[in-house]
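>>> Got a predicted model here, sequence first, then my questions.
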Amino acid sequence: MAVYTRLGAEEMSAIIETFDVGVLISAKGIAEGVSNSNWLIETQQGEQARRFILTVYESRTDISDLPFFLDLLDHLAARDCPVPRTMHDRGGASHRFIGEGENRKALALIEFLPGVSVSEPTPAQARAVGAALAQIHLASADFEKSRINSLDLPAWQQLLGDCTREGLESIDPDLGALVERELAGLAGQWPSDLPSGVIHADLFTDNVLMLGSKVTGLIDFYFACTDLLAYDVVVTHAAWCFSNDGTQFRPELSRALIQGYEAVRPLSDAERAALPILARGAAIRFLATRAYDWLNTPEDALVTPKDPMAFARRLEFYADPANSGIFAA
Ligand SMILES: Nc1ncnc2c1ncn2[C@@H]1O[C@H](COP(=O)(O)OP(=O)(O)O)[C@@H](O)[C@H]1O
Ligand SMILES: N[C@@H](CCOP(=O)(O)O)C(=O)O
């Protein structure tokens, strides 16, 4: 469930009226997603029926980052990437505010894109996602804004430290030792001299809309930042190339994803050599946020925390020397 903010019909109509998109016909809360409140908006503009996504940003999104996220969408859409455009209001602003004081929140109206998120990807779909990821990497090369990755190695160390060894071992008896070993290993080996640029940083299946094997939408750019492009490849690899619970690696999806990426943007030898260590980082990044949420989400919260062990298993897989060849050309 992800509608945290209540908006009455009159308030919703008044919000839509501030954009030049026609008259509000319907507004339906969207259940998917966990971070922000989203509605599917239908309007009528003359003869044209139009659809949009209205997002009200909740506490997890830093409002000062919105110009980066929303301008990035416009930049990529203008370069034919499959991302939704931001609808600017009548005054030209990409986002507006509702409420006052503590209840003040930002909102944006985003183009609706067709498609569904797949749960059992095929190699053709993995190939298409790899290609779409490379397309945004190339298309954002001349994007003038940048954003520091707030979920980098020091942040994983902090989050996992906050979990405490005891907390991690309450999730799984072996998790504390795994985390300690891997964090120590990553700290000495993390590359810094690889090509960097704008990365999506969270391209899970639920953030890709598809029709058949075609990518119709890359969405949810709210972790996008400036970091190593090859790191984005392995985040996507970790998200797409395993069974949900992380117990099964899918080599055919792995090959297809990397081939699709390289058909658009070939990896350098240095990037390819770094993929195994970057993949361990990607696995620990999602293990860190999931373990933190697992231990800190109140029992009566609206959202169910995601399973950290699904990424502990991926981490063990990537760290196993027997699997070091999975990224070989
Ligand atoms: N531009 C869009 N076009 C179509 N559907 C979208 C679009 N943006 C979001 N959605 C729908 O809204 C859901 C939640 O959006 P998302 O940005 O992933 O929210 P959250 O950041 O809260 O996870 C998505 O799973 C998708 O169903
Ligand atoms: N992809 C992350 C969760 C991020 O949440 P989102 O709803 O904003 O995509 C994970 O699986 O841990």
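The structure has been received and is ready for your questions. Ligands and ions are numbered 1, 2, ... in the order given.
>>> Could you see whether ligand 1 lies near the top helix by length along the chain?
For the chain, the helix reaching the highest residue count under DSSP state H is reported as helix 269-296. No: using CB under 6 Å from any ligand atom, we find that helix 269-296 stays clear of ligand 1, coming within 12.9 Å at best. Bear in mind the C-beta positions are built from the backbone N, C-alpha and C, glycine included.
>>> That helix - contacts with which helices or strands?
helix 153-163, helix 165-171, helix 175-189, helix 229-240, helix 309-319 (3 or more CB pairs under 8 Å, 6 or more residues apart in numbering; DSSP states H and E).
>>> Would you mind measuring from the residue in the chain positioned nearest to ligand 1 to Phe221?
Closest residue of the chain to ligand 1, CB to the nearest ligand atom: Gly33 (2.7 Å). Per CB to CB, to the nearest Å, Gly33 is found 13 Å from Phe221.
>>> same thing with Ser324?
32 Å.
>>> And these two? Which one has more around it.
Phe221 (23 against 12; other CB atoms under 10 Å).
>>> Go ahead and confirm that one touches Leu72.
Yes: using CB atoms under 8 Å, Phe221 is in contact with Leu72, at 6.0 Å.
>>> quick one, domains of this structure?
Structural domains assigned to the chain are 9-111, 123-327, following automatic domain parsing.
>>> before we move on, the earlier item: quick one: secondary structure of the residue of the chain closest to ligand 1?
Secondary structure assignment for Gly33 (DSSP: H, G, I helix; E, B strand; the rest coil): coil.
>>> Give me the neighbour count for it.
For Gly33, the count of nearby residues is 17 (other CB under 10 Å).
>>> same thing with Ala270?
Ala270 has 12 nearby residues by other CB under 10 Å.
>>> For the helices and strands packed on helix 269-296, give me JSON lines that also has mean neighbour count.
Formatted as JSON lines, the helices and strands packed on helix 269-296 follow (neighbours: other CB atoms under 10 Å):
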{"stretch": "helix 153-163", "mean neighbour count": "17"}
{"stretch": "helix 165-171", "mean neighbour count": "16"}
{"stretch": "helix 175-189", "mean neighbour count": "16"}
{"stretch": "helix 229-240", "mean neighbour count": "26"}
{"stretch": "helix 309-319", "mean neighbour count": "22"}
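>>> so which of these gets nearest Val23?
Closest to Val23 of the helices and strands packed on helix 269-296 is helix 229-240 (CB to CB; 39.0 Å).
>>> can you dump the C-alpha coordinates of the helix or strand following the closest one into PDB?
Later in the chain than helix 229-240, the nearest helix or strand by DSSP states H and E is helix 251-264. Written as PDB, here are the backbone C-alpha positions of helix 251-264 (Å, rounded to 0.1, in the frame of the first residue of the first chain):
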ATOM      1  CA  PRO A 251      23.000 -17.700 -16.000                       C
ATOM      2  CA  GLU A 252      20.900 -17.200 -19.100                       C
ATOM      3  CA  LEU A 253      19.500 -14.000 -17.800                       C
ATOM      4  CA  SER A 254      23.000 -12.900 -16.700                       C
ATOM      5  CA  ARG A 255      24.400 -13.400 -20.200                       C
ATOM      6  CA  ALA A 256      21.500 -11.700 -21.900                       C
ATOM      7  CA  LEU A 257      21.600  -8.700 -19.600                       C
ATOM      8  CA  ILE A 258      25.300  -8.100 -20.100                       C
ATOM      9  CA  GLN A 259      25.000  -8.700 -23.900                       C
ATOM     10  CA  GLY A 260      22.100  -6.300 -24.100                       C
ATOM     11  CA  TYR A 261      24.100  -3.600 -22.200                       C
ATOM     12  CA  GLU A 262      27.200  -4.100 -24.300                       C
ATOM     13  CA  ALA A 263      25.300  -4.000 -27.600                       C
ATOM     14  CA  VAL A 264      24.700  -0.300 -26.700                       C
END
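>>> what packs against helix 251-264?
helix 123-139, helix 229-240.
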